[in-house]
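Visitor: Below are the sequence and a predicted model for it; my questions follow.
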Amino acid sequence: MAEAKSKLNNETEELTAEKVNEIFQVRRDKLKTLKDTGKNPFEEVKYDVTATSAQIVADYQDSDDEIPAEEKKIHAIAGRMMSRRIMGKASFAHISDGEGKIQVYIKRDEVGEADYADFKKWDIGDILGIEGYAFRTKTGEISLHAKKIKLLSKSLLPLPEKFHGLKDTDLRYRQRYVDLIVNPDVKDTFVKRSKILKETRAFLDAKGFLEVDTPILLPIEIAASARHFKTHLNALDMDMYLRIETELYLKRLIVGGMNRVYEVGRIFRNEGMDTKHNPEFTTIELYQAYTDYKGMMDLVEELYKHLAETVCGSSKITYQGVELDLGKWERLTMAEAVKKYAGVDYYDWASDEEARAVAKEKHVEVASDATKGRVLIELFEAFVEDQLIQPTFIYDYPIENSPLAKRKKEDPMFTERFEYFICATEYGNAFSELNDPVDQRERFEKQLAEKKKAEPETKAEVDYDFINALEYGMPPTGGLGFGIDRLVMLLTDQPSIRDVLLFPTMKPME
């Protein structure tokens, strides 16, 4: 037990479960003593904070050290004790208050013998309230000279000093609260995430878009490639499904005359997990009447440049060592991209059979009944995606994989759709929206038939209410959807989606 007590003041080594249990018991015993002597820290209900560490440091930069101590302004700060050096009748500690970290000088003769004795028994991780005045130490560090100290909350578990260096990175995601305490840069990522959302909303609001909310629980499973999560509503004794998109409800609003709408929506897909996918994630979908997919391209360019300049200070950023310019975008049709990177021209193919032969020559496997459009898609995925490092729009997608996009007048085998890519990753998707209810019904029913063929047990249905909405008439509309999480990864230079979700989905620990 004595060994465990010594670690309370110098917790610098990685702690085994046994050591943590020992320290936990020591701290529980300390808490009991505090309660028995009428000093229960958990009874504190408030503490009047008058300044943050960042404010004190900023305000004191140009202050006069010659001002007598008794005339200096008294500040009250509160935060977690991250380190401590006890040196007889005086000690130093560092307090982290969520805005930064500041050194505190505690002298026995200043705070009183009893409070100083208590302070020496407190632990790293305890939350303290401190009143004092700012000064500069001999080494030049702006610090707080304590006049009063108070224990506001007791920490019963030790902070892992080497938390950032743990090999088991899953622990950082499972215990994000600890990650935030010991790694200030982690908090910076999530502060930036909030700023990205705020700036995106402000950008869209300024362009006349209205933010709305649409249902998360749906009465039917739609026949899409993404898998739904299923639940049950007891009140109506019916199965319901978590949404996999916000599109169909937002377009109902376009029908209703809300000509510019968007939603920051939580989406749920019962699919795989990797560095770019989490079962629940956040998207923004927006729809604008009387424009098309090229209008959406212009909006994306303007938005991404604005976000980079506002959040990162420049349209030129670095992501995982790659220099990018979000102010410059290339635009290529899918056919042009395949010709550029795979060396084959879609418009040279006289038939589906000839297209399949080209795929075979390129060692790209396609179905025996693959159409020209399907072959183009497969060649794009095989040869093009990995080449799209700088911001690039790929537009005019084959009808085969675009059931919600409007056909091109000039070539009905293609649709007015684009996706945009950065660092070989798809970041968003946009259409000139299909508003022909007859065509939409046919595509939905074909999509459902294909799904039932692949999954005979599926309960998926066509959303005929959406068809009903289209039958009232939807104006020409441009639509766009993009993932907030991937955008935050890009603008904060994070390699994994788990690094930009405060609480990512994790497999339960045994």
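Guide: Sure, I can see it.
Visitor: Off-centre distance for the one helix or strand Met82 maps to?
Guide: In this structure, Met82 is located in strand 75-87 according to DSSP states H and E. Remark: strand 75-87 is offset 32 Å from the chain centroid, using CA atoms, centre = their mean, to the nearest Å.
Visitor: How about stretch 196-214?
Guide: 17 Å.
Visitor: Quick check: mean pLDDT of that stretch?
Guide: Per-region confidence: stretch 196-214 scores 98 on mean pLDDT.
Visitor: about what we covered before: only the buried residues of the strand holding Met82, if you could.
Guide: His75, Ala76, Ile77, Ala78, Gly79, Arg80, Met81, Met82, Ser83, Arg84 (16 or more other CB atoms under 10 Å). Every C-beta, even on glycine, is put in place using the N, C-alpha and C of the backbone.
Visitor: Please apply the same query to stretch 102-118.
Guide: Quick answer for stretch 102-118 (16+ other CB under 10 Å): Ile102, Gln103, Val104, Tyr105, Ile106, Arg108, Glu110, Val111, Asp115, Tyr116, Asp118.
Visitor: I'd like to know how far the fifth one sits from His94.
Guide: Meaning Ile106. Per CB to CB, to the nearest Å, Ile106 is found 12 Å from His94.
Visitor: Where do the strands of the stretch 51-200 of the chain begin and end?
Guide: 75-87, 90-96, 101-107, 127-136, 142-153 (DSSP state E, counting those that start in this stretch).
Visitor: so who does Glu433 touch?
Guide: Lys251, Ile254, Tyr287, Leu404, Ala405, Lys406, Met474, Pro476, Thr477, Gly478, Gly479 (CB atoms under 8 Å, 6 or more residues apart in numbering).
Visitor: Give the bridge partners for it, please.
Guide: With DSSP bridges applied, Glu433 shows beta-bridge pairing to Ala405.
Visitor: again, but for Ile142
Guide: Arg136.
Visitor: what about it, neighbour count?
Guide: Ile142 has 18 neighbours, counted by other CB atoms under 10 Å.
Visitor: Surely it touches Asp59?
Guide: No. Shown here, Ile142 and Asp59 do not form a contact pair, counting by CB atoms under 8 Å, at 9.3 Å.
Visitor: The strands of the stretch 51-200 of the chain: which one's closest to Asp274?
Guide: The minimum distance between Asp274 and the strands of the stretch 51-200 of the chain falls on strand 90-96, with 33.3 Å, by CB to CB.
Visitor: buried set for the closest one?
Guide: Here strand 90-96 shows Ser91, Phe92, Ala93, His94, Ile95, Ser96 as buried, counting by 16+ other CB under 10 Å.
Visitor: do the same with stretch 188-208
Guide: Those would be Thr189, Phe190, Lys192, Arg193, Ile196, Leu197, Glu199, Thr200, Phe203, Leu204, for stretch 188-208 by 16+ other CB under 10 Å.
Visitor: so where is the stretch 151-300 of the chain shaky, pLDDT-wise?
Guide: 161-168 (pLDDT under 70).
Visitor: My reading is that Ile394 lies in a strand. Confirm?
Guide: Yes. Using DSSP: H, G, I helix; E, B strand; the rest coil, the secondary structure at Ile394 is a strand.
Visitor: What helices and strands are in contact with the longest helix anywhere in the chain?
Guide: Counting residues, the longest helix found in the chain (DSSP state H) is helix 184-206. Counting by 3 or more CB pairs under 8 Å, 6 or more residues apart in numbering; DSSP states H and E, the packing neighbours recorded for helix 184-206 are helix 176-182, strand 210-211, strand 260-268, helix 293-307, helix 484-492.
Visitor: Against which helices or strands is the last one packed?
Guide: Packing contacts for helix 484-492, counted by 3+ CB pairs under 8 Å, 6+ apart, involve helix 184-206, strand 280-289, strand 316-319, strand 425-432.
Visitor: Now tabulate those in JSON lines and tack on distance to Ala224.
Guide: Shown next, in JSON lines, are the helices and strands packed on helix 484-492 (distance: least, CB to CB, whole Å):
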{"stretch": "helix 184-206", "distance to Ala224": "25"}
{"stretch": "strand 280-289", "distance to Ala224": "14"}
{"stretch": "strand 316-319", "distance to Ala224": "30"}
{"stretch": "strand 425-432", "distance to Ala224": "13"}
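Visitor: Looking at the ones you listed, which is nearest to Pro504?
Guide: The nearest among the helices and strands packed on helix 484-492, by CB to CB, is strand 280-289 at 9.0 Å.
Visitor: now that closest one against strand 425-432, angle please.
Guide: Relative orientation of strand 280-289 and strand 425-432, computed by axes from the mean of the first three to the mean of the last three CA atoms, to 10 degrees: 30 degrees.
Visitor: Neighbouring strands of strand 280-289 in the sheet, and parallel or not?
Guide: strand 260-268 (antiparallel), strand 477-483 (antiparallel).
Visitor: contacting residues around the shortest one?
Guide: Counting contacts by CB under 8 Å, 6+ apart, the residues outside strand 477-483 that touch it are 245-247, 250-251, 254, 281-293, 295-296, 299-300, 427-433, 435.
Visitor: Can you flag the buried ones in those residues?
Guide: By 16+ other CB under 10 Å, the contacts of strand 477-483 give 245-247, 250-251, 254, 281-289, 291-293, 295-296, 299-300, 427-433, 435 as buried.
Visitor: Could I get the contacting residues of Glu263?
Guide: Here Glu263 is in contact with Glu211, Val212, Asp213, Thr214, Thr246, Leu250, Ile284, Glu285, Leu286 (CB under 8 Å, 6+ apart).
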